[in-house]
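Student: Coordinates only, no sequence provided:
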């Protein structure tokens with residue numbers, strides 16, 4: 001397994017409201033990878049507060065609770081429930097903190113956890129997780145969006161409403177599978193044909209970083225005005 005992550009303020013903003021965390025580790029005999037991206041809602045002045053709170057909290061859980069769960073040999077379904085409980089707790093904490101500081105904040109979250117040859121997903125908002133495998137490129141999350149007056153609007157996020165709907169999915173991981181955990185600043189502007197075509201030559205971390213940097217350069221050469229974030233995991 002090789003991993004890389006990058007978060008970039010892009011070309012038009014001074015503050016990055018995205019946040020990203022990706023880590024691989026060995027827990028006993030198990031190979032584990034956790035990746036999470038969070039996109040602070042741009043219409044909220046303090047959207048970045050929610051995004052950074054989410055990734056910081058997930059990182060804390062990964063370095064303690066996740067390791068304990070794997071050592072206890074909890075099933076991936078049980079761990080998914082723990083992730084959902086964690087996101088609910090984070091949501092309530094952000095809402096409380098925002099009310100105490102008299103601010104408005106909120107962020108999306110897309111989380112991918114792989115343990116050996118299994119993956120699970122927890123997701124709220126319109127960031128996305130893509131899987132590139134033998135059957136091609138597919139989206140394994142579902143955008144929480146609504147259409148109103150011809151406009152696509154975000155219907156769910158963390159830190160703004162106590163009633164959140166967490167999307168979950170799970171499946172198998174095979175050799176050469178590749179996952180992209182990304183915000184909309186990445187997937188709305190990247191050339192998906194180039195993404196698919198060029199990944200076949202990625203066989204080590206150096207090449208993966210170069211592959212990612214090339215994708216970011218391509219995105220920043222478009223009209224994208226958003227922050228850009230993605231974590232890429234490839235199974236060798």
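Tutor: Arrived safely. Nothing here was measured: the structure is a model prediction, and the numbers come from that model. Residues are numbered from 1 along each chain as shown.

Student: need the next SSE after the longest helix along the chain, C-terminal direction.
Tutor: Determined from DSSP state H, the single longest helix within the chain is helix 76-101. Counting by DSSP states H and E, the element after helix 76-101 in chain order, helix or strand, is strand 109-115.

Student: Now do the following helix or strand past that following strand against strand 109-115, angle only.
Tutor: Note on strand 109-115: by DSSP H and E, the next helix or strand toward the C-terminus is strand 118-124. For strand 118-124 against strand 109-115, the angle by axes from the mean of the first three to the mean of the last three Cα atoms, to 10 degrees is 170 degrees.

Student: Average pLDDT for the following helix or strand past strand 118-124, rounded please.
Tutor: On the C-terminal side of strand 118-124, the closest following helix or strand by DSSP H and E is strand 128-133. Strand 128-133 shows a mean pLDDT of 96.

Student: before we move on, what about stretch 216-223?
Tutor: Mean pLDDT, computed over stretch 216-223, is 94.

Student: Mind listing what's buried along that stretch?
Tutor: Residues of stretch 216-223 classed as buried by neighbour count (16 or more other Cβ atoms under 10 Å): 216, 219. C-beta coordinates here come from the backbone N, C-alpha and C atoms, glycine included.

Student: Run the chain-centre distance for it.
Tutor: Relative to its parent chain, stretch 216-223 has a centroid offset of 20 Å by Cα atoms, centre = their mean, to the nearest Å.

Student: which residues touch it?
Tutor: Counting contacts by Cβ atoms under 8 Å, 6 or more residues apart in numbering, the residues outside stretch 216-223 that touch it are 6, 8, 10-11, 185-186, 189-191, 194, 228.

Student: From the contact counts, what lies against the longest helix of the chain?
Tutor: helix 47-61, helix 67-71, strand 109-115, strand 118-124, strand 167-172 (3 or more Cβ pairs under 8 Å, 6 or more residues apart in numbering; DSSP states H and E).

Student: just to revisit the earlier point, output the contacts of stretch 216-223 as a markdown table; include the columns neighbour count.
Tutor: A markdown table is the format used below for the contacts of stretch 216-223 (neighbours: other Cβ atoms under 10 Å):
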| residue | neighbour count |
| --- | --- |
| 6 | 17 |
| 8 | 19 |
| 10 | 19 |
| 11 | 14 |
| 185 | 28 |
| 186 | 30 |
| 189 | 19 |
| 190 | 20 |
| 191 | 13 |
| 194 | 12 |
| 228 | 26 |
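
Student: Switch these over to CSV; also include pLDDT, distance to residue 174 and secondary structure.
Tutor: Output for these, formatted as CSV (pLDDT from 0 to 100; distance: Cβ to Cβ, whole Å; DSSP: H, G, I helix; E, B strand; the rest coil):
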residue, pLDDT, distance to residue 174, secondary structure
6, 96, 25, strand
8, 91, 30, strand
10, 81, 33, coil
11, 81, 37, coil
185, 94, 29, helix
186, 96, 24, helix
189, 95, 28, coil
190, 96, 23, coil
191, 94, 25, coil
194, 91, 23, helix
228, 94, 28, strand
